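Engineer: Coordinates only, no sequence provided:
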């Protein structure tokens, strides 16, 4: 589900004038051109992600351009029904399938408990009972804070790479658990899934990312065939396509996922497997390919051959944060969310000069742009952070309904793949045991 505002849409349109490498797609452009557009939106300060170079040794590698697509239809609707068994017409590709392909994404605005509170009643909660506010995702993924964050529990489902940076909203934590439990239901004996960075306990900047600031972004490892290591490059030989498709499918059908960033090479494996399994071709195609009014959910961004970057919509945490934001700032429970302006560097510019002109610091500009030195390049656009601005999320928040498939794959195909998955799990556990034995010998 997705939140938008008029100002965000304008920003997205402005960002599309720049064509850089990799990012999310625009609904009215071909997929490859759209990816370049989304990267430009990231650098221009649209809801975005990481621009730092890769660091294979780090617990949560940086992402080149993690961005969310702006623009949603305005007509609200209820969530569609659960998937049903396929009819002969659906399997043949009926007119209904074509209509689904061409239909714009439906959106809705859920009610929030704060809707029934007056400003004074809400202020009493802010000042006297902050936990009663619940988790709040303040601002944007690349320009925000997290209030009342919840740590992802480690155990049967998850293995945390950096426990201190595994905080998200309650919705994000619930979504992750729901999706991974689906994988364990389909493939008993599945090993825990590695989880890199989510957010810090209070959100805000988290090195080396630009996103991961408001409790809605998660770096998820892959399920592997054989040796399972965090941040191992996924290939046709080691990428457990059965479990990874089960995970991706569950993220789409069981959660309010906004986007999943994944390298093209691994996308091809997932897509081929889903079609071979008997998934609806129109539905599968729409997950990987942008259509008018329906951005792709699974998108290519360079650097995501080692992990999934997942971003969720948080209807409750986002709506609650929008309502409570002025009071949180007033009572100094959070600092004002940083706003950005874009500066095209000219010959003779320096970070010291830009910091003086815009009333910020050299270090703040470096952090906002992932710079490790003080060198800047003429004609390149830089984000200049400025504090004290208004809340960046304004206007009515709407969120897209979930993209449920029209039917589930044939049960005989699922049984066959579950059998393969159990064999893969046994191989993975054997590899882990062998690795542990060699380390202690």
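Structural biologist: Yep, it's here. The shown structure was predicted, so the numbers you read here are calculated from the model rather than taken from an experiment. Residues are numbered from 1 along each chain as shown.
Engineer: which residue packs closest to residue 288, ignoring adjacent ones?
Structural biologist: Distance criterion CB to CB, 6 or more residues apart in numbering; nearest residue to residue 288, sequence neighbours excluded, is residue 298 at 5.3 Å. (Glycine included, C-beta is placed from N, CA and C.)
Engineer: The one you found and residue 160, how far apart?
Structural biologist: To residue 160, residue 298 is 24 Å away according to CB to CB, to the nearest Å.
Engineer: Please apply the same query to residue 182.
Structural biologist: Residue 182 is 20 Å from residue 160, by CB to CB.
Engineer: Provide the partner residues of the residue nearest to residue 288 in its beta bridges.
Structural biologist: residue 260 (DSSP bridges).
Engineer: same deal with the one 10 residues further on?
Structural biologist: Following DSSP bridges, residue 308 is listed with bridge partners residue 220.
Engineer: What separation is there between it and residue 154?
Structural biologist: Here the criterion is CB to CB. By it, residue 308 lies 18 Å from residue 154.
Engineer: Please identify which of those two sits among more neighbours.
Structural biologist: Neighbours were tallied for residue 308 and for residue 154 using other CB atoms under 10 Å; the higher tally belongs to residue 308 (23 against 13).
Engineer: where exactly do the strands run in the stretch 101-250 of the chain?
Structural biologist: Using DSSP state E, counting those that start in this stretch, the strands of the stretch 101-250 of the chain run over 107-108, 136-140, 143-147, 150-151, 158-160, 167-168, 193-195, 217-220.
Engineer: Would you reformat those strands as a markdown table and include mean neighbour count and mean pLDDT?
Structural biologist: What follows is the strands of the stretch 101-250 of the chain, written out as a markdown table (neighbours: other CB atoms under 10 Å; pLDDT from 0 to 100):
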| stretch | mean neighbour count | mean pLDDT |
| --- | --- | --- |
| strand 107-108 | 18 | 90 |
| strand 136-140 | 29 | 93 |
| strand 143-147 | 28 | 91 |
| strand 150-151 | 18 | 98 |
| strand 158-160 | 18 | 98 |
| strand 167-168 | 27 | 98 |
| strand 193-195 | 24 | 98 |
| strand 217-220 | 28 | 98 |
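Engineer: can you tell which of those is closest to residue 267?
Structural biologist: Closest of the strands of the stretch 101-250 of the chain to residue 267 is strand 217-220, at 15.1 Å (criterion: CB to CB).
Engineer: Show me where the stretch 201-350 of the chain dips below the pLDDT cut-off.
Structural biologist: The model of the stretch 201-350 of the chain has pLDDT under 70 over residues 337.
Engineer: Looking at the strands of the stretch 101-250 of the chain, which is nearest to residue 269?
Structural biologist: Among the strands of the stretch 101-250 of the chain, the nearest to residue 269 by CB to CB is strand 217-220 (16.3 Å).
Engineer: still on that earlier bit, can I get the strands of the stretch 101-250 of the chain in JSON lines including distance to residue 382?
Structural biologist: Formatted as JSON lines, the strands of the stretch 101-250 of the chain follow (distance: least, CB to CB, whole Å):
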{"stretch": "strand 107-108", "distance to residue 382": "34"}
{"stretch": "strand 136-140", "distance to residue 382": "18"}
{"stretch": "strand 143-147", "distance to residue 382": "15"}
{"stretch": "strand 150-151", "distance to residue 382": "34"}
{"stretch": "strand 158-160", "distance to residue 382": "34"}
{"stretch": "strand 167-168", "distance to residue 382": "29"}
{"stretch": "strand 193-195", "distance to residue 382": "32"}
{"stretch": "strand 217-220", "distance to residue 382": "22"}
